[in-house]
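**Student:** Sequence and predicted structure, then a few things I'm wondering about:
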Amino acid sequence: MNDPIIRFDNVVKRFGDHTVLDELNFDIRKGEKVTIIGPSGSGKSTVLRILMTLEGIEGGVVHVGGEPLWHEHGPVGLVPASQAHLHRMRGQLGMVFQQFNLFPHMTVLRNITEAPVKVLGLGKAEARDRAEELLELVGLSDHAQKYPHQLSGGQQQRVGIARALAMRPNILLFDEPTSALDPELVGEVLNVIGQLSEEHDLTMLLVTHEMRFAREISDRILFFDQGRIVEEGSPAQLFTSPQRERTREFLGSELDRVLAV
Amino acid sequence: MLFGFEWDTTNALTLALSILPILMVGLWVTLQATVLGFFVALVMGMVLAVLKGARSRLVSWPAYAVTEFIRDTPLLVQLFFLYYVLPEYGIVLPAFLTGALALGIQYSAYTSEVYRAGLEAVGHDQREAARALNLSRARTFTHVIVPQAIPRIIPAMGNYLVSIMKDVPVLSVVTVLEMLNVARIVGDRTFDYLVPLSMVGGIYLILTLVASSGVRWLDRNLPNQGIPLK
Amino acid sequence: MTPHWIEYLPPLIEGAWVTLQLTVFSTFLGVVMAFLFGVGKLSHNPFIRAFSVAYIEVFRGTSLLVQLFWLYFALPLTGQAIGIDLRLPPVVAGVLALGLNIGAYGAEVVRGAIQSVHPGQHEAALALNFTPRQTMLGVTIPQAVPEMMPAFGNLAVQNLKDTALVSLISLGDMTFRAEQIRNFTQDSTVIYTMLLFMYFGMALVLTAIMRLLERRVGQWRPGKG
Ligand SMILES: Nc1ncnc2c1ncn2[C@@H]1O[C@H](COP(=O)(O)OP(=O)(O)OP(=O)(O)O)[C@@H](O)[C@H]1O
Ligand SMILES: [Mg+2]
């Protein structure tokens, strides 16, 4: 029960000779809601993308659900993961993208049913039922037959969330889900994410600049800078009495940013 | 024997080597037709582009229609038309000139679009700026618009030059002795088409690969900010 | 007395039917080739990639008429040399040459359109655990197709025009028929004017059809639905 569902063990990530993650370590427990904050370029997205297998790693081991993600157990120790292993591991994870990345050539309903049918092998009717439930959850039941471009950004992102949930992942990753939205549309998406945070079994890893929201829903906050965790703690600790100068500086600048809008 | 060169049919290799000079004579004609056709296309395309840009619809509309008509009809048929119809009106041209003219006409439809696209790609703000500087329309055109359009136009024209070269074999139907025609004659007489036709293919491949990389080089190396007219 | 041009119509229309069939068959072959080798050029497998590049460069780099003559005149002799009958009927040689040629141009169109699909789409597909094959067929290609349509429209018209070349291997297409009539009547101006307008008409119809198709496959696009 207390085994971490995600573990980063000395993970190194480089782009060329630029080291983005430098021996990163952290754990996330099952059902935990964790928010990553930090300045631009600090490696927040990279962490999520490594978990979603969109980026490989150069060193260390990432564990998901007790198994190595980018490695497999070989005859002598760990070997790089095969496509089959990655395919199996990916089933535990879902991701919500900053730019939504809905499939523009599919209706909302098809966006949500396509993967369950093709990947999980669900029957059409079953996938449809599941999709309709999810559309109700995100408040878009009336929009099932529309194409993404006929929806507002906030609606598109809610479809994005429904699409990820349709695969029943244990872990849901959000990469700045509201950053691409007009300010008046942010609330409707945060509401849905807030609702999801009530789910006990779902582990959530969220990157956001919405500090107030992060404070409300998170069990724990990780503050990233230059590919390292500078400080971590409960929202109350981190936001009200940050220990590190760098954290205070960042929170101050974020506050200025919000006030400036 | 052709053009004074004997062929040696002992085997494929000797044949290939012995007919190479013959094919080179044909290649020379191919290149001449290419250059002449290209020149006609450049001039006629310019004329069409100017007409299409005319203020009066009475002028621009027919120019559009003519361009479309040329573009939508086969080079071969246009060539036949010129070759058989012009003499009926007393215009008798050598086959080579008729062929180059047909190539030029066919490709003028394409080059006229290149001119237009190149000129239109020069932004509105450039014209505005020129007006703010109180440049006359003519000066704006020659000193602002054209210099910036040239780097866009040249690579596109280069691609059509390569296309024209690949279309030259069509001229063989009106007896022009370009490379493919020469190869066929060799084939007819030696009863071996494989060697001469494959050689023509190979020579074409080399020429187009070289020419295309030349065009790409131009595309990369022409100054983006434009080439002033002197 | 009926004007001559009416008498020319029946044989020309017979030829037009052949031209139409040639266009349809070779465009179809061309589309198949375009997808095979356009996708092949993006393959991770170096052999498939090299083969695709070779196909594209050879058929774009040598002239169509050279290819046609090669298939019609040279291939049978090659067959003879190795003991198989590779004599192609003119129709087959014509469709093959046209289709392979236009397919090489189309392959570059397909490749470009596939590469223009937003990388976020591939990431979303991967995150939903689609296999590469499912991603290509279900996500990438459907989004790339509308992108290809304008260029495919041009290629189809190009192909229609190119069919005239098969008259040179004595296939009874529209140009071949016109040439026969001219030999017989010497009425060049009338015949070739008619022929030009018939190609023009067919090209206009073909263009209209491609526009309709373009609209159909792009229905989901913003401002089109
Ligand atoms: N594909 C890539 N190639 C090269 N460098 C990259 C690539 N992706 C990310 N980086 C670099 O890695 C570093 C971390 O990027 P990352 O996207 O994780 O930052 P982030 O914390 O999410 O920033 P932001 O708040 O701007 O989204 C940055 O310096 C970035 O420039
Ligand atoms: Mg980011």
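**Tutor:** Done, it's in. Only a predicted model underlies this, so the values are computations on that prediction, with no experimental measurement involved. Ligands and ions are numbered 1, 2, ... in the order given.

**Student:** and the helix or strand of chain C with the lowest mean pLDDT with chain B, contact?
**Tutor:** The least trusted helix or strand in chain C, going by mean pLDDT, DSSP states H and E, turns out to be helix C:75-82, with a mean of 82. Yes. Helix C:75-82 reaches chain B (Cβ under 8 Å from any Cβ of the partner chain) through C:77-78, C:81. C-beta coordinates here come from the backbone N, C-alpha and C atoms, glycine included.

**Student:** Could you identify the longest helix within the chain?
**Tutor:** Went with chain A since none was named. Using DSSP state H to define each element, chain A has its longest helix at helix A:245-260.

**Student:** looking at chain B here, not the other one
**Tutor:** Secondary structure of chain B read by DSSP H shows that its longest helix is helix B:12-52.

**Student:** could you point out which element follows it?
**Tutor:** Toward the C-terminal end, the helix or strand that comes next after helix B:12-52 (DSSP states H and E) is helix B:57-71.

**Student:** Does anything pack onto that following helix? Which helices or strands?
**Tutor:** Packing contacts for helix B:57-71, counted by 3 or more Cβ pairs under 8 Å, 6 or more residues apart in numbering or on different chains; DSSP states H and E, involve helix B:12-52, helix B:95-121.

**Student:** for chain C, which spans come out with low pLDDT?
**Tutor:** Along chain C, segments meeting pLDDT under 70 span C:1-3, C:223-225.

**Student:** Now for residue 32, how many residues are close by?
**Tutor:** I went with chain A, as the question did not name one. Neighbour count for residue A:32, taken as other Cβ atoms under 10 Å in any protein chain shown: 18.

**Student:** think we crossed wires, I meant chain B
**Tutor:** Residue B:32 has 15 nearby residues by other Cβ under 10 Å.

**Student:** Contact partners for it?
**Tutor:** Residue B:32 is in contact with residue B:96, counting by Cβ atoms under 8 Å, 6 or more residues apart in numbering or on different chains.

**Student:** one more time with 10 Å, if that's ok
**Tutor:** Residue B:32 is in contact with B:96, B:100, B:168, B:176, B:178, counting by Cβ atoms under 10 Å, 6 or more residues apart in numbering or on different chains.

**Student:** about what we covered before: list the buried ones in the helix or strand that the least confident helix or strand of chain C is followed by?
**Tutor:** Where DSSP H and E defines the elements, the next helix or strand beyond helix C:75-82 is helix C:90-115. For helix C:90-115, the neighbour count (16 or more other Cβ atoms under 10 Å in any protein chain shown) marks C:90-91, C:93-111, C:113-114 as buried.

**Student:** Helix C:90-115 packs against which elements?
**Tutor:** helix C:4-40, helix C:46-61, helix C:64-69, helix C:75-82, helix C:141-162 (3 or more Cβ pairs under 10 Å, 6 or more residues apart in numbering or on different chains; DSSP states H and E).

**Student:** Quick check: which of the contacts of residue B:32 are also close to ligand 1?
**Tutor:** For ligand 1, no contacts are drawn from the contacts of residue B:32 by Cβ under 6 Å from any ligand atom.

**Student:** for the residue of chain C found nearest ligand 1, phi and psi?
**Tutor:** Per Cβ to the nearest ligand atom, residue C:119 is where chain C lies closest to ligand 1, at 9.9 Å. For residue C:119, the backbone dihedrals (degrees, to the nearest 10) come out as phi -60, psi -30.

**Student:** what's near enough to touch it?
**Tutor:** Applying Cβ under 10 Å, 6+ apart, we find residue C:119 in contact with A:54, A:101.

**Student:** again, 6 Å this time
**Tutor:** Under the criterion of Cβ atoms under 6 Å, 6 or more residues apart in numbering or on different chains, residue C:119 has no neighbours.

**Student:** Can you pull the residues of chain C lying near chain A?
**Tutor:** Residues of chain C lying near chain A by Cβ under 6 Å from any Cβ of the partner chain: C:120, C:123-124, C:127-129, C:134, C:142-143, C:220, C:222.

**Student:** let's see 7 Å
**Tutor:** Within chain C, the positions adjacent to chain A are C:120-121, C:123-124, C:126-130, C:134, C:138-139, C:142-143, C:220, C:222, C:225 by Cβ under 7 Å from any Cβ of the partner chain.

**Student:** among the residues you listed, which are in helices?
**Tutor:** C:120-121, C:123-124, C:126-127, C:134, C:142-143.

**Student:** which of those residues sit farthest apart?
**Tutor:** By the measure Cβ to Cβ, C:127 and C:142 form the most distant pair in these, at 18.2 Å.

**Student:** Please identify which of those two sits among more neighbours.
**Tutor:** residue C:127 (25 against 17).

**Student:** Which residue, other than its chain neighbours, is closest to that one?
**Tutor:** Of all residues not flanking residue C:127 in the chain, residue A:95 sits nearest, at 4.3 Å (Cβ to Cβ, 6 or more residues apart in numbering or on different chains).

**Student:** just to revisit the earlier point, so is the longest helix of chain A next to ligand 1?
**Tutor:** No. Using Cβ under 6 Å from any ligand atom, helix A:245-260 never reaches ligand 1; the gap is at least 11.4 Å.

**Student:** For that helix, buried residues please.
**Tutor:** Buried residues in helix A:245-260 (16+ other Cβ under 10 Å): A:246-247, A:250-251.

**Student:** How about stretch B:201-210?
**Tutor:** Buried residues in stretch B:201-210 (16+ other Cβ under 10 Å): B:201, B:203-205, B:207-208.

**Student:** Just say helix, strand or coil for residue B:156.
**Tutor:** Here residue B:156 is recorded as helix under DSSP: H, G, I helix; E, B strand; the rest coil.

**Student:** Leaving out sequence neighbours, find the closest residue to it.
**Tutor:** Here the residue nearest residue B:156, using Cβ to Cβ, 6+ apart, is residue B:114, at 4.5 Å.

**Student:** Enumerate every residue touching residue A:131.
**Tutor:** Going by Cβ atoms under 7 Å, 6 or more residues apart in numbering or on different chains, residue A:131 touches A:109, A:112-113, A:166.

**Student:** sorry, that was for residue C:61
**Tutor:** Counting by Cβ under 7 Å, 6+ apart, residue C:61 touches B:204-205, B:208-209.
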